[in-house]
Every structure is written in C-alpha cells, then in structure tokens.
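Novice: coords please:
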Amino acid sequence: MATLTGLFQRGSAYYLRVILPVQHPMRRQYKNGEFVTSLGRCTRREAKIKGTIKRAEVLTASVAEETRSQTETQAAARTNSTGPFLRDVYDRWKVSKTRSSDSVKACLRSVVLYEKFTGNPPITQLTRELGDRFRAWLQQPERKTTSKTARDRLTWVKSVLKYAYRDLGLIDRNPWEGIDIAFKTTRKRRPWTDSELQTFFTQPLHTTYELPKDKKAGADAAYWIPLLGLYTGARVGELAQLRVADVDTSGEFPVLCITDEGEGQSIKSQAGVRKVPLHGELVRLGLLDHVATLKILKEVRLWPSLPTREGKPGGYFSQWFGAYRRSLGFGPHPDFHCLRHTVRSQMADAEVTEQVIDTLVGHEVKGSTGAKVYTHRTMKTLKKAVEVVNYPTLSLSRVYP
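Specialist: The predicted structure is shown next:
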C-alpha cells in the first residue's frame, strides 16, 4: 500500500495531518492551516485506510461545511433540552397547507443553514442578538450570495418561527420579527416597448399560426400563452397550468379562473387566486374556439401538448420562450415577466386604481379591509379595467384555424 501523506503515530494511536488549501473553508477554524485528527488505536494498515478516507473527506469539503465547535454546540443543545427545535416546527409547517415543492425545498435549505450557524438551540432560547448575527453571516462575502438570496433565506426561517408563534403557540413571540435584510434586485424588469412587441408578434408563429416543433413550446401554447400574458399580466406558471374548465363562459362575459384547485396546480400566494375577465382581443383571435375544440375532444388541460414540471408548471415553456426570444435578437430583457409590467403600466396610465390592478395581476391588495374585498358584483369594474389594455402599434390578425 502506498505511503499516506500526513500519517504519523503517537504512542499506540495513529493520527492524520492534512495541510489545508489556501481557500479551504476550514481555515477559518484552523488558523495555522493544518487539520490534525486521531485515527484511534489500530494497525498501520487500518490507519492508512481510515486516513485515506478522512483525507478525501477533508479535501473535498464543501463551502457549506461548518466548524466542529458548531457541531458540538448543536449536540450540547439537544442534550440540555428537549426542544422544540426549528426542524420540528418546519416538519409541521410544510404539511399545514398545500405548498409547492419549490417552497418546501427552499425553506428546508434555509433551515439547514440556520442549524449549521446557530448550533440548533431550542427555539425558546433564540435571542435577537443571535438573529442579528445570523443575518450578518448570511451576507458574508465568502458565501457568494446576492442580498436578495440572503434575505429570502432569513425570511424562510422567520416564516417558520412565525408559524411556531401564531399557529402552534410554542413560543410567546417571534424573536426575530423585524430583523430583515435590505436588497437590490439583480433583475430590473420593465415594460415591453412598442418596437419589441412588433418584433415578437410579427413572426410566423403569430401571423400564420406556424407552431414550433420543440415539445417544450407545447404546440398551441406557444401561440396563446404570450398573448394571454400580453392581455392579462398573469404569470407564466399560472397560464401554463390552466385547465379547459378554467375558462368560464357561463357569465355575462368570459372569465379566466386562475386557481390552485386542479391537480398539479399551484399559485404563488393566496392573492394569486382570482378571476380575470378575458380581453376582447383574445376572444376575437379565437381563444374561445380553442376552448370549444378541446371540450369536444374531452381534454382536461388547456394546453394538452405542453409538458409540465412538478412545482414549476411553466418551467419547460419558459425554457422554450427564452430560447425563442433570443433567436429573435433579444437580450436578457424583456422577458415573459416583463409582460406583467407592461399590463400594469398600461392600466396605471389609464388611471385604473391600484387596488383593481393588484386584484387583476394577483398581487396582495393594499389598503383597508374594504378596499381588499372584490366580489362578483365588481366583475364589471374588472372587465372595464382589462379593456383599457391596448397596443395600437400591433395589428394582430386572426390566424387560429
């Protein structure tokens, strides 16, 4: 067996010394750059095997690996108390209501970071000083995360603590309420310009109904979803998961029902569950005929050919949309989400109230309780607001077969 670098013996026990690379995360703990550990009493052959494995573990340690003292702190915390711990609350939080798999995974990643930094004390022992130190740690340059990502991770932990306080009554208050991280968005979105809209919607896809062959485009979805975004401001995931039944034609005018009630459907927040009157242009271009055809074929989904991903209904479509957009010469912006800004800007310019705009695009309505209530009696108001969206530089002909 080859010689193992750093293997030495003291008395009857073998030890391993590893010289840590300059950028290795464990150098924060081992200031002299050396990691030394006991391999125990064993034969030299056994020591080489153990040492080889240990050396590989140390040298391939990820940046997320924390110091041994934190592990000891965590063990001491579990020894000295029976909890409750944040992980216990998280397990109940994730099943307390329907949540997307992305939300559950993002929250779990944040809980893991919390455990690594804090040593995982019982939540009854959390202090604001510890919350402040956790906030500072999330923003350390060596973590190489944006301020928004750091804020999101802190927010997930605070959400679980809020659940422990308000729903379970396990703590008297949320100890980290008010502790936040200011951030600057890395993606500045803006409305589409008239020139950009003309470039996008004057391609064969929208002038002759020449559907793309890429399966991620979802056939008819490639034609209709951008138009729906253009006239509703809905999110791509909300549009990609629509069912035939979500286009309601039973009332005075057709309505698009954005909901999380169907199989595989999810909404970003409760404010996203809403009914949006269909713009007259969508009706003129043939959307209701598309719906009628699917009803005859007894299809359930509005885009039967569009593949979807769990937790990200619009994931595959977004990939196609991005590639298609780049093929037309567009840069990073405008993207699909910019259509939300386009719709919102048009309504704001037409002096539609902010409460009505929020209701239509699925944002939390600000203001008094009365301002937040929009029942079926205000559907005419919503219809009027939808119809102010207008693109005079676009001349879309009906090409739906």
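Novice: give the contact list for residue 160.
Specialist: Counting by Cβ atoms under 8 Å, 6 or more residues apart in numbering, residue 160 touches 86, 89-90, 93, 107, 111. For every residue, glycine as well, the C-beta is placed using N, CA and C.
Novice: could you dump these into a markdown table with secondary structure and distance to residue 204 added?
Specialist: Listed next are those as a markdown table, based on DSSP: H, G, I helix; E, B strand; the rest coil; distance: Cβ to Cβ, whole Å:
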| residue | secondary structure | distance to residue 204 |
| --- | --- | --- |
| 86 | helix | 54 |
| 89 | helix | 54 |
| 90 | helix | 50 |
| 93 | helix | 49 |
| 107 | helix | 44 |
| 111 | helix | 49 |
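Novice: for residue 32, state which of these is nearest.
Specialist: residue 111 (33.3 Å; Cβ to Cβ).
Novice: tell me how many other residues surround the closest residue to that closest one other than its chain neighbours.
Specialist: If the residues on either side of it in the chain are set aside, residue 111 comes closest to residue 90, at 5.1 Å by Cβ to Cβ, 6 or more residues apart in numbering. Residue 90 is flanked by 22 other residues according to other Cβ atoms under 10 Å.
Novice: against residue 163, how distant is residue 90?
Specialist: 9 Å (Cβ to Cβ, to the nearest Å).
Novice: identify the contacts common to those two.
Specialist: Joint contacts of residue 90 and residue 163 (Cβ under 8 Å, 6+ apart) do not exist.
Novice: OK, contacts around the residue nearest to residue 228 when sequence neighbours are not counted?
Specialist: The spatially closest residue to residue 228, leaving aside those adjacent along the chain, is residue 239, at 5.1 Å (Cβ to Cβ, 6+ apart). The contact partners of residue 239, taken as Cβ under 8 Å, 6+ apart, are 225, 228-229, 232, 314.
Novice: next one: residue 144
Specialist: Residue 144 touches nothing, counting by Cβ under 8 Å, 6+ apart.
Novice: phi, psi of it?
Specialist: phi 50, psi 50 (degrees, to the nearest 10).
Novice: try the one 5 residues further on
Specialist: Backbone geometry at residue 149, expressed as degrees, to the nearest 10, gives phi -60, psi -40.
Novice: what are the structural domain limits within this protein?
Specialist: What automatic domain parsing lists as the domains of the chain is 7-59, 68-166, 194-386.
Novice: rebuild these as CSV, extending it with distance to residue 174 and mean pLDDT.
Specialist: Putting these into CSV (distance: least, Cβ to Cβ, whole Å; pLDDT from 0 to 100) gives the following:
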stretch, distance to residue 174, mean pLDDT
domain 7-59, 30, 84
domain 68-166, 5, 86
domain 194-386, 20, 91
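Novice: make CSV out of those domains and add distance to residue 173.
Specialist: Shown next, in CSV, are these (distance: least, Cβ to Cβ, whole Å):
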stretch, distance to residue 173
domain 7-59, 33
domain 68-166, 6
domain 194-386, 24
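Novice: so which bits of stretch 214-223 are buried?
Specialist: Counting neighbours by 16 or more other Cβ atoms under 10 Å, one finds that the buried residues in stretch 214-223 are 216-223.
Novice: ok, so of the residues you listed, who is nearest residue 340?
Specialist: residue 221 (18.1 Å).
Novice: so the closest one sits right up against residue 307, yeah?
Specialist: No. Using Cβ atoms under 8 Å, residue 221 is not in contact with residue 307, being 9.9 Å away.
Novice: rewinding a little: so what's the residue nearest to residue 111 up against?
Specialist: 107-108, 111, 160.
Novice: which two from these end up farthest apart in space?
Specialist: 108 and 160 (10.1 Å).
Novice: CSV for the contacts of residue 160, including distance to residue 42?
Specialist: Output for those, formatted as CSV (distance: Cβ to Cβ, whole Å):
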residue, distance to residue 42
86, 39
89, 42
90, 40
93, 45
107, 43
111, 37
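Novice: counting neighbours, which of the residues you listed end up buried?
Specialist: Judged by 16+ other Cβ under 10 Å, buried ones among the contacts of residue 160: 86, 89-90, 93, 107, 111.
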